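Colleague: could you work out the structure for the sequence below:
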Amino acid sequence: NNNNNNNEEPAATPKEILKFLTTRYHDPNNDSGTNNTNSNWNKTRNYVYRTPKKLTMSQVETVVQFLEEELLSDADAARTVLQSSPRILQKNTTTYLAPTVRFLQSLYGPSLFAEAIRRNPNLLLVNGLGGINYYSYEKAARVEDYLIQELNLSPGAIAKLKQKSAHSYVFSKSIPTLEETLSFLRTVLQTNYNPQQITTWLSKSLVAYPQVFCLSVESNLQPSIQFLQDYCRFSDEQLASLLYKSGGSILGLSVSDNLEPKLEFLQTLLGTTVSLQKCILRHSSILGLSLSNLQKKVDYFHWIGEDLAARMARSCPAVYSLSWNENLYPTLLFLSKIWGVDAPPVDGTITAIIDDDVDSCHGTEDEEEEKKKKKKKSTR
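Modeller: Have a look, this model is predicted:
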């Protein structure tokens, strides 16, 4: 189907478009109308009323027919796409949607393609995939051959990588670009590890964090490595160890938005650069936590003991990655019963606990006593 613009065809009104869609996807056997209620079409309604681009009925019908054919006659999947990603109505099926679908089908396979679209309707609108031509498939095949040869990737690893590559664009990268990335990472790691270890690490990291291998060496990877080494005063050996243990995930963190504020936070908590080094080397995943997550846990540990937060970060930083609801609180509750002390309060969020504790620093003795009673009432 080729939905070329027809200058003689008048633009359809939003009401006409919505009537066509809701009528086409109305299931007479579904009395509840679960997937066809007005609320489910809200995003589509807002789009057709607000878009400055005029849509013709032939354009809408062509896109709908294309979706139904390509999604294996799966009406639910087609409806999900139209309800979640209404911008697709303006796309040309020949020059944009068809190449995108061919590319995604080559990644997921025919049997999983419809399910992938149902789970993530925006895949068909992923920026950079539209307009891929036949030669892009040849390029993707060359990249696949290169990765198999260079990193000894197994068929299973390639399959896993393809499932993620719609977001990471690994297979759309040029081989020289990938060579530059792999060479850079090898250079960082070679101070501590032999070539076989490095190749094994690269293959595992590529599958686990493909987005890292799509970053620019000059604009992203090199600045991140340099910042970590300068701020934490890592030796080349320590830096290699940090990268190796993190699996490469640490390179996906922004310097200004992520690494810098968290390292400053941890430096203030720990006090010395040596302590900061040990903390990061023992548990690099701590840098992947949000700053608010770290702050709440630090404040809560302070509530238990004045220097507990720092001692935790020095000796066992992995504690900060534990879930509060599933790990930390149940453990604290269990230990408090064994030790015969007051259990941690559970009334509200950690922030509420922090606020209560801060206020108590400035209260009178009577106020202190009243707050202690409230804390006892709130224990399990």
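Colleague: can you name the residues that contact the closest residue to residue 220 other than its chain neighbours?
Modeller: Once flanking residues are discounted, residue 220 sits nearest to residue 251: 7.5 Å by CB to CB, 6 or more residues apart in numbering. C-betas here are computed from N, CA, C, even on glycine. Listed by CB atoms under 8 Å, 6 or more residues apart in numbering, the contact partners of residue 251 are 209, 212, 215, 220, 221, 224, 225, 243.
Colleague: what do you get for residue 247?
Modeller: Here residue 247 is in contact with 201, 204, 205, 208, 209 (criterion: CB under 8 Å, 6+ apart).
Colleague: repeat for residue 260
Modeller: 227, 231.
Colleague: how near is it to residue 278?
Modeller: Separation of residue 260 from residue 278 (CB to CB, to the nearest Å) stands at 20 Å.
Colleague: give me the pLDDT for residue 373.
Modeller: Per-residue confidence (pLDDT) for residue 373: 48.
Colleague: ugh, wrong one, residue 299
Modeller: Confidence at residue 299, expressed as pLDDT, is 85.
Colleague: offset the numbering so it begins at 266, please.
Modeller: Sure, I'll start numbering at 266, so the last one becomes residue 564.
Colleague: who does the helix or strand hosting it touch, helix- and strand-wise?
Modeller: Following DSSP states H and E, one finds residue 564 within helix 556-569. The contact analysis (3 or more CB pairs under 8 Å, 6 or more residues apart in numbering; DSSP states H and E) places helix 556-569 against helix 525-535, helix 573-580, helix 615-625.
Colleague: just want the angle from it to helix 525-535.
Modeller: Angle, helix 556-569 to helix 525-535, by axes from the mean of the first three to the mean of the last three CA atoms, to 10 degrees: 10 degrees.
Colleague: picking up where we left off before, tell me the pLDDT of the residue nearest to residue 485.
Modeller: 90.
Colleague: that one and residue 386, how far apart?
Modeller: 30 Å.
Colleague: quick one: which of the contacts of residue 512 is most hemmed in?
Modeller: Compared across these, residue 470 has the highest neighbour count, 21 neighbours, by other CB atoms under 10 Å.
Colleague: what's near enough to touch the residue nearest to it when sequence neighbours are not counted?
Modeller: Distance criterion CB to CB, 6+ apart; nearest residue to residue 470, sequence neighbours excluded, is residue 513 at 3.8 Å. For residue 513, the contacting residues are 450, 466, 470, 473, 474, 477, by CB under 8 Å, 6+ apart.
Colleague: among the contacts of residue 516, which two are most distant?
Modeller: Spatial extent of the contacts of residue 516 (CB to CB) is set by the pair 474 and 490 at 15.1 Å.
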